[in-house]
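Peer 1: Okay, here's the prediction I keep looking at, along with the sequence it came from:
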2 protein chains.
Amino acid sequence: MRELRKDPVLGRWVIIAPDRASRPDEFATDYDHFAGFDPQHDPFREGQEHLTPPEVYALRPVGSEPNGPGWKVRVIPNKFPALGIEGDLNPRGYGLYDRMNGVGAHEVVIESPDPYLLFWDMPLTHLVDVFNTFKVRVEDLSRDKRFAYVLPFKNHGPAAGASLRHSHSQIIATPIVPKRVLEEIQGAQNHWNIKRRSIFVDIVDQELMTQERIVFQNDHMLAYCPFASTSPFEIHILPKRQMSDFRRAGTEEIRALAEAVKVCLRKWLGAIGACQFNFLIHTAPNDTEIMGVYHEFPMLDAFYCWHLEMFPRLTKAAGFEWGTGYYINATPPEEAAEFLRGIEVSVS
Amino acid sequence: MRELRKDPVLGRWVIIAPDRASRPDEFATDYDHFAGFDPQHDPFREGQEHLTPPEVYALRPVGSEPNGPGWKVRVIPNKFPALGIEGDLNPRGYGLYDRMNGVGAHEVVIESPDPYLLFWDMPLTHLVDVFNTFKVRVEDLSRDKRFAYVLPFKNHGPAAGASLRHSHSQIIATPIVPKRVLEEIQGAQNHWNIKRRSIFVDIVDQELMTQERIVFQNDHMLAYCPFASTSPFEIHILPKRQMSDFRRAGTEEIRALAEAVKVCLRKWLGAIGACQFNFLIHTAPNDTEIMGVYHEFPMLDAFYCWHLEMFPRLTKAAGFEWGTGYYINATPPEEAAEFLRGIEVSVS
């Protein structure tokens, strides 16, 4: 049965059309991660640190030299940054139009010194290091009063936008709160206006009540296929405790997040194979000189909640998605979650 | 110089980052349209009409039999529709969530009986037939009071979402006004509130004033690379006369639209090769039983203007675009337009 479903936060409608290809084995996913890969020219490999810009942060033993070997996780400026770190925004008009300088930060998180180690094969303790690195970099970049938002995200595989094979993620700091995040905030504000509750808490409660879309949970995190999933096997991970800002996640919560992500990735591996994927972390914005988010949304910390969104790249957006901002998804999230629950994984 | 630019209608920011790949010859585009194509199994070919659902409309000689050969353009229901034509919407809650039946229409416009004729090789008179067919189908589907919106769009090539090689486009009728269209309407309403003018007229005026982003124009249409283009070589085509509804386009305007689209496609061919692409037509929504767009925006016909958007598929959206709703574009639209202006094409 075809159905239209509305995202409760974004107000975005999704078409669930399950008579199209929807079973996990109908997606062509298996991707040879290392076809044509030459580690000799891998700038992210241990021992080839001179091939990258100087590091801005690294997890390395006390006393080891920056930009030399010995690190576990290493953060560098993107060699081809979308936004540049220098200068002022200088917002200005151009007739009818608005422009400003492309000021921001664009960093690369090299998740491991090993060119052949894939994200889902990293030990859990190592993934905890990676997520802690995200937190440290978000904290640091948020101190720059030009930046309204800091987004950690990962592109895995060329179909997901990754141009290098060595496992890495990225962090972009932007001078404007992203449209998608503002939409989440406005949707959550609408819910707050009526209910005086965080919509994210209400989502956690309903998902725990019905159980039908849950993929995994631990003490601190709930991983579920969202009611209005835009793509097959999409998963959101929400903290069980209402918390607007990713920077406030404690040691146990970061560990629980890393565990949930690893479990979900291993379940994808079992269900749909070595897929290409994206994930990203949404968190509360910062007030800046030109944008006062907390002025506009004073109760933001009560009604907005940080979270992680992850989705395998199984389908291609086409004219319909572009023209409407809506999505067609052939796999009902209840079926996706049931399938993923059935995949046994052990994670350490 | 990196720059942030704001879309004047959508309020969406785009990062113009021209030190990344930006020259036309840096995009790998040439796509072998017919590799592996077997016309014997082409359901859209003349003489194989029995392989499709019965036609809902066709341009064919007086007296010729429906669902037989002899047609020029043929419209059929999609065999795997995203939305089904039968039934009521039946909107209802599910705890916190909202859902309704997947009611709508999903049609395929077979643009020519010839399996090997590509869109950009069709004679102009034939393209006029195709665009007139869009108009006829939009008119017809708009009469159904369940449908708030009708979107004609084209996916050309698998990277653009096309699953069949025979040149075709699609029409989807949805019971909800698409988010993207509502955003355009809200942006245009904001401009109307301040200026009492259509922002689309103001855009035409500024583009004609500066000339720097114009690709092509004729008496009725202006084709230009938008100031905040989200992708390289993106082109918008706006009527020079303010007109909210595509259904009101006259004979001369449809002919001028077909000419502008063909000229722009041939310029793409000359500049970047046989690329895969999408286009879509945005027009004013309809009032329906559950959505009163004209009640909410009574001056809609004064401030909204239908238009066509077209973009070659040269880049892949990744975690950043998904997480932010913003775009990174390596080719400044002024450079793209200058390059396209330099490509000589003659169209008939």
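Peer 2: Sure, I can see it. Numbering: from 1, shown residues only, chains lettered A, B, ... in the order given.
Peer 1: The stretch 51-200 of chain A: helices as residue ranges?
Peer 2: A:124-142, A:179-195, A:199-210 (DSSP state H, counting those that start in this stretch).
Peer 1: For the second one, what does the pLDDT average out to?
Peer 2: Right, the one you point to is helix A:179-195. For helix A:179-195, mean pLDDT rounds to 95.
Peer 1: Now do the same for the residue of the stretch 201-348 of chain A at minimum distance from chain B: its pLDDT.
Peer 2: Nearest to chain B in the stretch 201-348 of chain A, going by CB to the nearest CB, is A:Ala318, at a distance of 2.4 Å. For the C-beta atoms, the positions are set from N, CA and C on the backbone; glycine is no exception. If you check A:Ala318, the pLDDT there is 79.
Peer 1: remind me which residues of chain A are low pLDDT?
Peer 2: The model of chain A has pLDDT under 70 over residues A:19-30.
Peer 1: rerun that using 80 as the cut-off
Peer 2: A:1, A:19-33, A:289-291, A:315-318 (pLDDT under 80).
Peer 1: For the most centrally placed residue in chain A, give me phi and psi.
Peer 2: Geometric centre of chain A, nearest residue: A:Leu280, 0.8 Å, by CA atoms, centre = their mean. In terms of degrees, to the nearest 10, the main-chain angles of A:Leu280 are phi -150, psi 160.
Peer 1: I figured it hits A:Val150, correct?
Peer 2: No - checked against CB atoms under 8 Å, the pair A:Leu280 and A:Val150 is beyond contact range at 11.4 Å.
Peer 1: chain center to the longest helix seen in chain A: distance?
Peer 2: As assigned by DSSP state H, the longest helix anywhere in chain A is helix A:251-272. Relative to the mean C-alpha coordinate of its chain, helix A:251-272 is positioned 13 Å out (CA atoms, centre = their mean, to the nearest Å).
Peer 1: Next: stretch A:143-157.
Peer 2: 10 Å.
Peer 1: related to what we said a few turns ago, send me the longest helix of chain A as CSV with only the CA atoms.
Peer 2: C-alpha atoms of helix A:251-272 as CSV (Å, rounded to 0.1, in the frame of the first residue of the first chain):
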residue,chain,number,x,y,z
THR,A,251,31.9,10.1,28.2
GLU,A,252,29.3,7.4,28.5
GLU,A,253,27.1,9.0,25.8
ILE,A,254,29.9,9.3,23.3
ARG,A,255,30.8,5.6,23.9
ALA,A,256,27.1,4.7,23.5
LEU,A,257,26.9,6.7,20.3
ALA,A,258,30.0,5.0,18.8
GLU,A,259,28.6,1.6,19.8
ALA,A,260,25.2,2.3,18.2
VAL,A,261,26.8,3.5,15.0
LYS,A,262,29.0,0.5,14.8
VAL,A,263,26.1,-1.9,15.5
CYS,A,264,24.0,-0.2,12.8
LEU,A,265,26.8,-0.3,10.2
ARG,A,266,27.5,-4.0,10.9
LYS,A,267,23.7,-4.7,10.5
TRP,A,268,23.8,-2.8,7.1
LEU,A,269,26.8,-5.0,6.1
GLY,A,270,24.8,-8.1,7.0
ALA,A,271,21.6,-6.9,5.3
ILE,A,272,22.7,-5.0,2.2
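Peer 1: close to chain B, is stretch A:298-307?
Peer 2: No - using CB under 8 Å from any CB of the partner chain, stretch A:298-307 never reaches chain B; the gap is at least 11.3 Å.
Peer 1: Give me the contact list for stretch A:244-263.
Peer 2: Applying CB atoms under 8 Å, 6 or more residues apart in numbering or on different chains, the external contacts of stretch A:244-263 come out as A:120, A:122, A:124, A:127-128, A:130-132, A:134-135, A:138-139, A:142, A:215-221, A:223, A:237, A:239, A:241, A:243, A:279, A:281, A:283-284, A:300-306, A:308, A:310, A:345, A:347.
Peer 1: Show me these that map onto strands.
Peer 2: A:215-217, A:221, A:223, A:237, A:239, A:279, A:281, A:308, A:310 (DSSP state E).
Peer 1: Roughly how far does the residue lying closest to A:Arg241 once chain neighbours are set aside sit from A:Ala258?
Peer 2: Nearest non-adjacent residue to A:Arg241, counting by CB to CB, 6 or more residues apart in numbering or on different chains: A:His220, 7.1 Å away. Applying CB to CB, to the nearest Å, the value for A:His220 to A:Ala258 is 11 Å.
Peer 1: cool, and A:Glu344?
Peer 2: Counting by CB to CB - A:Glu344 and A:Ala258 are separated by 20 Å.
Peer 1: Looking at the two, which has the bigger crowd around it?
Peer 2: A:Ala258 (22 against 8; other CB atoms under 10 Å in any protein chain shown).
Peer 1: what's near enough to touch the residue lying closest to that one once chain neighbours are set aside?
Peer 2: Nearest residue to A:Ala258, sequence neighbours excluded (CB to CB, 6+ apart): A:Leu127, at 4.1 Å. Applying CB under 8 Å, 6+ apart to A:Leu127 gives the contacts A:119, A:258-259, A:261-262.
Peer 1: Widest-spaced pair of those?
Peer 2: A:Phe119 and A:Glu259 (13.8 Å; CB to CB).
Peer 1: and the nearest residue to A:Ala256 once chain neighbours are set aside, what does it touch?
Peer 2: Spatial nearest neighbour of A:Ala256, chain neighbours left out: A:His220 (3.7 Å); criterion: CB to CB, 6+ apart. The contact partners of A:His220, by CB under 8 Å, 6+ apart, come to A:239-241, A:252-253, A:256-257.
Peer 1: how about 6 Å then?
Peer 2: Contact partners of A:His220, counting by CB atoms under 6 Å, 6 or more residues apart in numbering or on different chains, are A:240, A:253, A:256.
Peer 1: do A:Gly270 as well
Peer 2: A:Gly270 sits next to A:Ile343 when contact means CB under 6 Å, 6+ apart.
Peer 1: Can you tell me how far it is from A:Ile343?
Peer 2: Distance from A:Gly270 to A:Ile343, by CB to CB: 4 Å.
Peer 1: ok, back up a step: so which of the contacts of A:Leu127 is surrounded by the most neighbours?
Peer 2: Greatest neighbour count in the contacts of A:Leu127, by other CB under 10 Å, goes to A:Val261: 26 neighbours.
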